[in-house]
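Chemist: okay, here's the prediction I keep looking at, along with the sequence it came from:
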Amino acid sequence: MLHRLAWLGFVLSCLVVLPDVTLARNPRFPAGAEAASRLDPSELMKKALPLLKTGREDEAVFWFYAGQLRWRSQLISHPDQDPTGQPALFSSFMATIGPGVNEWAFGDIPALQKTIASVLEWDRRYPDPTVSAAAAASSRSGLQNLKTSIGKDVDSIKRQRAANGLTNR
């Protein structure tokens, strides 16, 4: 009996890990993902707004989070920057582009989690050569933690969105 329970636990744990493993073999990146990996993070984030306006919301979410991941890595890698430069520009992008993207993204938490997994896989395949490995790992960990956290809070997020008049898909 104990052997069967152990086997069941193993199978269930594989099911939790399987989506990310499958994604690693067959990622869903937007067109031009490899070339875009060489762009400045601001250019990645700027892709999101026109995509949102043309009905390509899921692609917008990918580029917004890809840009955010890369920009956070650069800010961590270069902590002594002038705060009125890149840190201020990042905050501005988050305040102007972020709300529209996140309003769409958080309407479907499982889809957002898949997009975050895709962004992390894209970053793994096409790393940013301008940042330290430690900075990249720290930024990636933060995005992975967001993915995990929203999965745990999905019911609360849905209730909050409904209370604010936002759609849950």
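Modeler: Nice, thanks for sending it over.
Chemist: element containing the residue nearest in space to the middle of the chain?
Modeler: In the chain, the C-alpha closest to the average C-alpha coordinate belongs to residue 116, at a distance of 3.3 Å (CA atoms, centre = their mean). Element membership for residue 116, per DSSP states H and E: helix 109-125.
Chemist: next one: residue 137
Modeler: Assigned by DSSP H and E, residue 137 belongs to helix 133-152.
Chemist: in that helix, what counts as buried?
Modeler: Of the residues in helix 133-152, 135-136, 139-140, 143, 147, 150 count as buried by neighbour count, 16 or more other CB atoms under 10 Å. No exception for glycine: its C-beta is placed from N, CA and C like everyone else's.
Chemist: same question, stretch 85-99
Modeler: Of the residues in stretch 85-99, 86-87, 90, 93-94, 97-98 count as buried by neighbour count, 16+ other CB under 10 Å.
Chemist: do the same with stretch 107-120
Modeler: With burial defined by 16+ other CB under 10 Å, the residues of stretch 107-120 counted as buried are 107-109, 111-120.
Chemist: before we move on, what about stretch 159-169?
Modeler: residue 161.
Chemist: how about stretch 39-49?
Modeler: Within stretch 39-49, the residues that count as buried by 16+ other CB under 10 Å are 39, 41, 44-49.
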